[in-house]
Structures are given as C-alpha cells and as structure tokens.
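Enquirer: no FASTA, just this:
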C-alpha cells in the first residue's frame, strides 16, 4: 500500500470533521505543549475550561516558570495527575534558562525536558514546527492495530515499535502535524476503544483488515490491568470559629508520593469510629469532639482505590505538628489546591463554612 492511499482520505476526513478546539485555532508551541500535557489520561471535554483559564493567567512560558507553586496547583485543581503541572513548571524554567523562553524546535531537545515523552515531543514537533516525526498514543495504536490486523499486545514495546514504524511510513512529509492530529481524532471519535467502532463513518474502512473480517472489536490486544489496591481512610473535617469566622483545618501532603504537596482535610488511616477518631486526633496533639458523620465517598486512581468515610469534628484545642493552615470558605475556594480525591469532603466543608448555623462551635 502506498503512503498516500491511507494519508489522503484520512486528511480529507480530518479537514471536514475535526473539532474546533482552542489549542488548534492558535497552535503555538506553548499552547500545544500545555494542551497535550493536560490531555494525558484526561478527556477533551474536561480540559477545555482548564486550558482557557490557564492560558489567561499564564499566557507565556515565562509566566509559567515564575508562577508560585501553590497558585499553579490551584489552577490545576481537579485535573488530577498533579505531577504533570509540576513537570510543566520545571520544563518551563529550563526553557527560560536555556532557550530564551521559546520551546526548542528539535525533537530530542523536547524529549529531554521534564514531563515530555515520545508522544508529547512528537506532537509539539510535528504540529508546531512541522517536523516529520510521529506522535503515537493509544488512539493511534488502536487505529493501526485494526487497519493492519496486528494482533500484538499494544502495551509491549515491540508492538509499539512496529506500529510506530507503520505510522511513520504513511506520514506525508508536507503535513506531519495534521496527519498526527487526524489519527488521534479518528481514534477519539470513530475508531472507538469501548463498544463497536463507527466503521460507517471511517475514512479508512475500505482499507481496514479488521473491518473486512468483521472483527473490529477483537483488537487491539492489551494486557489486562492488575486489580486496584484498596485503602480505607477516615476524613476529619475539623472546624472552629476564629473571630466569628468558621474555619477548617487543612494539612499539606508530603512533597513526594500520591498527590504530593496538595492540601486536604486531616486524613487518618482506616475506617474509624467516633471514639477511635477522637483518640487518634489526641495522639496527634489535637483535642476534638465528633459532632456528626460526613458522607462516604470513593476515589479511583490508576492503580489504587480510596474508600473514604468521614466525621465532622469541633476543635477543642491543641496543635498539629505537621504543616497545616486554618482556612475559611474563601480560602477553601480560592487559595488552597485540594485534590479530587477528597472533593466530596471539600464541597461538604464549603457548604458548612458558608452556612455556619449548620453546625455548633
């Protein structure tokens, strides 16, 4: 098969059907970079508002490099995978120091920056600089495994290497960025991962070996994920009044590990009773009275699942050794970045702090 046999109908379809997205209408290297990082393991619909707000506040690499870390985390709050934001800033600082604030128009130089892997480097290099490199993500692997009937496990390096080579073979030298975007768009909108792909809308259906066999849903092959580890925690919404203003105690997570450096209510290991909660808080140096139960919740990470229960507690005195702050409703909403993992509790706390008659202090 000649390269243009696949690339021409693909590009024609993309020209007619591509989504109008803010990072496509103005595809500067910086905007493409930020959008690609945000889109990692995150749906386009979830990213759009975050991207617009991020660009308004941090419109340049220099602004990102100089942003206070806590403010950066607040801008990223709710997107998850917070190491992405930290690596964005590390890379921005390198770009300012070594490249005059402009992303380098070189694939290997991009690949050397924190948080930028082969796919992201390929996307920036091809879309923003027109360089003939591939950008192969899960969407692209799925498309080519079906079109070419490749039964390899797409999580294996040898399969990915083989399909990447095929992707490069069909890439037109005069439109590498559009070709990469078209493949990603086709995988996202038509060659779907779950359920039946929309073969009637696919510009490559006449070339697709999986479609010819009527076995599209059998590919790609992928190693099953391991079962997530479950961890129970008790969330403590510790409240007080300070000068008639209701406040909640927030603690900062350690600088390394899951949700590093973010703020959260007190999180205790295990599913604790009232008495266990009060005694555990006392061991931490805090005197508190449990007032009522908070809602149960669950949060799923990639390889981990938190099972959460909670208690609303009245602060009676004492001090906590680890880094902490007392936050009012405004601080909870606008200053401190809290992870989605405790969103049910941060929302519950916002309601309580905004309606102080809801509890007794």
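Expert: Happy to help now that I have it. Quick caveat: nothing in here was measured; it's all calculated off a predicted structure. Numbers count the residues shown, from 1 in each chain.
Enquirer: residues contacting stretch 332-343, please?
Expert: The contact list for stretch 332-343 (Cβ atoms under 8 Å, 6 or more residues apart in numbering) reads 70, 73-74, 76-78, 80, 82, 235, 248, 250, 259, 262-265, 267, 297, 299, 301, 306, 308, 325, 327, 346, 349-350, 353. Backbone N, C-alpha and C define where each C-beta goes, glycine included.
Enquirer: ok, 7 Å please
Expert: Residues outside stretch 332-343 that contact it (Cβ atoms under 7 Å, 6 or more residues apart in numbering) are 70, 73-74, 76-78, 80, 235, 248, 250, 259, 262-265, 299, 306, 327, 346, 349-350, 353.
Enquirer: same thing with stretch 170-184?
Expert: Contact with stretch 170-184 is made by 3, 6-7, 10-11, 14, 122-123, 126-127, 130-135, 137, 139-140, 143, as judged by Cβ under 7 Å, 6+ apart.
Enquirer: flag the shaky bits of this protein, pLDDT-wise.
Expert: The chain contains residues with pLDDT under 70 at 358-361.
Enquirer: packing partners of the longest helix seen in it?
Expert: Counting by DSSP state H, the longest helix found in the chain is helix 83-99. Judged by 3 or more Cβ pairs under 7 Å, 6 or more residues apart in numbering; DSSP states H and E, helix 83-99 is in contact with helix 29-39, helix 61-66, helix 69-76.
Enquirer: got the angle for that helix vs helix 29-39?
Expert: Between the axes of helix 83-99 and helix 29-39, defined by axes from the mean of the first three to the mean of the last three Cα atoms, to 10 degrees, the angle is 160 degrees.
Enquirer: before we move on, back to that, any of the contacts of stretch 332-343 buried? List them.
Expert: 73-74, 76-77, 80, 235, 248, 250, 259, 262-265, 299, 306, 327, 346, 349, 353 (16 or more other Cβ atoms under 10 Å).
Enquirer: what sits against residue 263?
Expert: Neighbour list for residue 263: 250, 252, 336, 337, 338 [criterion: Cβ under 7 Å, 6+ apart].
Enquirer: so the first one touches residue 323, yeah?
Expert: So the one you mean is residue 250. No - using Cβ atoms under 7 Å, residue 250 is not in contact with residue 323; the gap is 9.4 Å.
Enquirer: let me see the domain layout of the chain.
Expert: Domains of the chain are assigned by automatic domain parsing as 3-218, 229-358.
Enquirer: let's have the helices and strands packed on helix 83-99 in JSON lines, adding distance to residue 177.
Expert: Conversion of these to JSON lines gives the following (distance: least, Cβ to Cβ, whole Å):
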{"stretch": "helix 29-39", "distance to residue 177": "9"}
{"stretch": "helix 61-66", "distance to residue 177": "20"}
{"stretch": "helix 69-76", "distance to residue 177": "26"}
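Enquirer: can you get me a residue count around residue 267?
Expert: 18 (other Cβ atoms under 10 Å).
Enquirer: which strand or helix spans it?
Expert: Using DSSP states H and E, residue 267 falls within strand 263-269.
Enquirer: how far does that strand sit from its chain's centre?
Expert: Remark: strand 263-269 is offset 22 Å from the chain centroid, using Cα atoms, centre = their mean, to the nearest Å.
Enquirer: any idea which helix or strand comes after that strand?
Expert: helix 274-283.
Enquirer: helices or strands up against that following helix?
Expert: On a contact count with 3+ Cβ pairs under 7 Å, 6+ apart, helix 274-283 meets strand 229-242, strand 286-300.
Enquirer: deepest-packed of those strands, please.
Expert: Most buried of the helices and strands packed on helix 274-283 by mean neighbour count (mean count of other Cβ atoms under 10 Å) is strand 229-242; its value is a mean of 18.
Enquirer: make JSON lines out of the contacts of residue 263 and add secondary structure and distance to residue 155.
Expert: Listed next are these as JSON lines, based on DSSP: H, G, I helix; E, B strand; the rest coil; distance: Cβ to Cβ, whole Å:
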{"residue": "250", "secondary structure": "strand", "distance to residue 155": "38"}
{"residue": "252", "secondary structure": "strand", "distance to residue 155": "35"}
{"residue": "336", "secondary structure": "coil", "distance to residue 155": "37"}
{"residue": "337", "secondary structure": "coil", "distance to residue 155": "32"}
{"residue": "338", "secondary structure": "coil", "distance to residue 155": "33"}
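Enquirer: of all those residues, which comes closest to residue 288?
Expert: residue 250 (14.9 Å; Cβ to Cβ).
Enquirer: residue 161 and residue 234, how far apart?
Expert: Distance, residue 161 to residue 234, by Cβ to Cβ, to the nearest Å: 47 Å.
Enquirer: again with residue 332
Expert: Look at residue 332 and residue 234: by Cβ to Cβ, they are 20 Å apart.
Enquirer: can you check residue 188 too?
Expert: Here the criterion is Cβ to Cβ. By it, residue 188 lies 39 Å from residue 234.
Enquirer: and residue 324, by the same measure?
Expert: Counting by Cβ to Cβ, the gap from residue 324 to residue 234 is 17 Å.
Enquirer: then residue 314?
Expert: 16 Å.
Enquirer: do residue 32 as well
Expert: Distance of residue 32 to residue 234, given as Cβ to Cβ: 43 Å.
Enquirer: before we move on, what about residue 341?
Expert: Applying Cβ to Cβ, the value for residue 341 to residue 234 is 14 Å.
Enquirer: with residue 154 instead?
Expert: Applying Cβ to Cβ, the value for residue 154 to residue 234 is 40 Å.
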